[in-house]
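Peer 1: Kindly generate the corresponding structure for this input.
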Amino acid sequence: MELYDGPFYKVLRKSLSSNLDILILSARYGLIDSKQLAISLTKYLEKNIPAINLDISFYWSGCNKGCAGHLLSDIGFQGCQQKQKAGVKIFIFGKEICSFVELEKINQYVEKFIRQNIQLFKRRNFNE
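Peer 2: Numbering: from 1, shown residues only. You can find the predicted model right below:
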């Protein structure tokens with residue numbers, strides 16, 4: 001994995017074993033550690049869905065302002081809080097599909113979603 005670290009954003013580019021493309025918009029006042037969550041999710045998906053063979057983009061916005069980055073990706077994450085607990089809102093192709101997922105459950109949630117909707121991503125990638 002390559003990590004490009006800039007003053008306003010971080011980009012985690014595709015690793016050799018996957019087609020996952022991750023953009024991390026990091027804010028000074030982020031509610032979540034989007035960099036570590038993105039790295040964790042990438043490693044988890046590479047291990048648990050090794051033959052995915054699709055280009056899927058993941059954009060992470062660490063705070064609730066989001067700077068709209070999460071709306072531009074295939075799967076977007078926006079940091080949020082619910083009852084004093086940090087989590088994320090999840091967006092698919094710009095549409096919110098889940099208003100709160102606890103940080104500890106992100107990896108399993110995303111894996112399950114990709115497995116259940118693999119045809120959606122294939123159509124999006126024109127790989128039918």
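
Peer 1: C-alpha only now, for contacts and for neighbours.
Peer 2: Will do.

Peer 1: what about the helices in this structure?
Peer 2: For the chain, applying DSSP state H gives helices covering 34-48, 106-116, 118-125.

Peer 1: out of those, which comes closest to F93?
Peer 2: Evaluated over those, closeness to F93 peaks at helix 118-125, with 9.6 Å, by C-alpha to C-alpha.

Peer 1: what comes up buried for that closest one?
Peer 2: 121-122 (16 or more other C-alpha atoms under 10 Å).

Peer 1: I'd guessed L45 sits against E111; true?
Peer 2: Yes: proximity of L45 to E111 meets the contact threshold set by C-alpha atoms under 8 Å, at 6.6 Å.

Peer 1: Neighbour count: the two, which is higher?
Peer 2: When L45 and E111 are compared for neighbours, L45 comes out ahead with 19 against 16, by other C-alpha atoms under 10 Å.
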